[in-house]
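**Q** Here is a sequence with its predicted model. Questions after.
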Amino acid sequence: MEYVILAVIWLAYFFIHSLLAATLVKAWFTRIGMGQRFYRLVYALWSTFLFLLIYFYSATLDTFSLWDFGKGGQYVGMIVATIGIMIVIRSFKKFSILRFIGVKPEKEAGLVTTGIHGSVRHPIYSGTLLVLIGLVIFAPALQSVILLITTIMYLPFGIYWEEQKLQSAYGDAYRDYMQDVPSLIPRFRDLSFF
């Protein structure tokens, strides 16, 4: 039962995370006097705090390995997770992390379609999935599997909501970009983004 609760908590976290990033919610916080920069900082801190709280709750549950890939599997898991981390880091190449979390004033970057964003539209999600897959291969505990499965369940919704905002902001340019570039998995010819 505690693992079902963990899955529900992760799903709730993902949906609350998206809800708080919604344009209407941001506008409401702006109307009540919280500036965009302060809102982004509070949002980043709150999201990080909740993530760590859930992660630590997960760590209190009994851990047992669902299967054993041996040392070779652990190395494969580390490689897959490392590639995921590299993708996430490359995703921020065109953005300032300090601006992203609200520490520095936000500057309009425009629609980014080059670099890794020329291979996949949502490289942060792609990289995160690889990190989680690597984690499951490296340490196949039920908690890791639950986090991976709930992330996979949430992604279609998160991508849909994010793309609605991007279409609203960039119009036909984003719709054309959607036609040209896959969402999460690059085409074979686009694997040069590393």
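**A** In hand now; what should we look at? Numbers count the residues shown, from 1 in each chain.
**Q** what about the residue positioned nearest the centre of the chain, helix or strand, and which?
**A** Centroid-nearest residue in the chain: residue 125, 4.3 Å away (criterion: Cα atoms, centre = their mean). Counting by DSSP states H and E, the element that carries residue 125 is helix 123-138.
**Q** check contacts around the nearest residue to residue 162 once chain neighbours are set aside.
**A** Closest residue in space to residue 162, ignoring its immediate chain neighbours: residue 122 at 7.3 Å, by Cβ to Cβ, 6 or more residues apart in numbering. Bear in mind the C-beta positions are built from the backbone N, C-alpha and C, glycine included. For residue 122, the contacting residues are 159, 162, 183-184, taking Cβ atoms under 8 Å, 6 or more residues apart in numbering as the criterion.
**Q** for the chain, where's the lowest mean pLDDT among helices and strands?
**A** With mean pLDDT, DSSP states H and E as the measure, the helix or strand of the chain carrying the lowest mean pLDDT is helix 97-100 (a mean of 64).
**Q** Go through the contacts of residue 122 and name the one nearest residue 176.
**A** Checking the contacts of residue 122 against residue 176 by Cβ to Cβ gives residue 183 as the nearest, at 14.6 Å.
**Q** and that closest one, how far is that from residue 122?
**A** Residue 183 sits 6 Å away from residue 122, going by Cβ to Cβ, to the nearest Å.
**Q** Find residues that contact each of the two.
**A** Both residue 183 and residue 122 are contacted by residue 159, under the criterion Cβ under 8 Å, 6+ apart.
**Q** by how many degrees do the helix ranked longest in the chain and helix 123-138 diverge?
**A** Of all segments of type helix in the chain, defined using DSSP state H, the longest is helix 142-170. Relative orientation of helix 142-170 with respect to helix 123-138: 170 degrees, computed using axes from the mean of the first three to the mean of the last three Cα atoms, to 10 degrees.
**Q** ok so, going back, pull the contacting residues for the residue nearest to the centre of the chain.
**A** When contacts are counted by Cβ under 8 Å, 6+ apart, residue 125 touches 155, 158-159, 184.
**Q** And the furthest pair within those?
**A** Going by Cβ to Cβ, the two entries of the contacts of residue 125 that are most distant from one another are 158 and 184, at 11.0 Å.
**Q** who's more crowded, these two?
**A** Between residue 158 and residue 184, counting by other Cβ atoms under 10 Å, residue 158 is the more crowded of the two (17 against 14).
**Q** Show the contacting residues for the closest residue to residue 89 other than its chain neighbours.
**A** In this structure, residue 89 finds its nearest non-sequential neighbour in residue 127, 8.0 Å apart by Cβ to Cβ, 6+ apart. Residue 127 makes contacts with 83-91, as judged by Cβ under 8 Å, 6+ apart.
**Q** from the residues you listed, which is closest to residue 146?
**A** residue 84 (18.0 Å).
**Q** can you confirm the closest one is in a strand?
**A** No. According to DSSP: H, G, I helix; E, B strand; the rest coil, residue 84 belongs to no strand; its state is helix.
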